[in-house]
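> Please work out how this folds:
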Amino acid sequence: VLLQESGPGLVSPSQTLSLACTVSGADITNRHYYWSWIRQAPGKGLERMGAAIKGGNTNYNPARKSRISISRNTPKNQITLELSFVTAEDTAVYYCVRWVAGGHDYWGQGTQVTVST
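Model prediction:
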């Protein structure tokens, strides 16, 4: 199973960040898998942003819920993340991660996102 994040490395403040996670070796519609976005800002711990879960549903970190959208692109077997009105505090490495019963088992290599003018 491979997860590959992609997106712009640099985003301007107040814009919308869009990232894609291309999954190979697993079907994103499999009800046993949840697909999470997790990030790590410089000098900080891991922060779960949200996930695409079974039944085509999603759940989000309550602290980010007003700005985040996670969706599936089934033909491309991709999970997408959109984060609106970004600020410098959104600068982080963003990871796409698979969750199964028992925990997160596969991680992408991560993609650096910097919010700056």
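
> the strands in the protein, which residues?
2-6, 10-11, 17-24, 34-40, 46-52, 58-60, 68-73, 78-83, 92-100, 103-107, 111-115 (DSSP state E).

> now those in CSV, with mean neighbour count and mean pLDDT?
For glycine as for every other residue, the C-beta is placed from the backbone atoms N, C-alpha and C. Listed next are the strands of the chain as CSV, based on neighbours: other Cβ atoms under 10 Å; pLDDT from 0 to 100:
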stretch, mean neighbour count, mean pLDDT
strand 2-6, 16, 98
strand 10-11, 15, 98
strand 17-24, 19, 98
strand 34-40, 22, 97
strand 46-52, 19, 97
strand 58-60, 16, 96
strand 68-73, 16, 97
strand 78-83, 21, 98
strand 92-100, 21, 97
strand 103-107, 13, 94
strand 111-115, 17, 98
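
> can you list the residues that contact stretch 109-117?
4-13, 17, 19, 40, 86-95 (Cβ atoms under 8 Å, 6 or more residues apart in numbering).

> partners of the residue nearest the centre of the chain in the sheet?
The residue lying closest to the centre of the chain (Cα atoms, centre = their mean) is W37, at 2.8 Å. On the basis of DSSP bridges, W37 is bridged to G50, C96.
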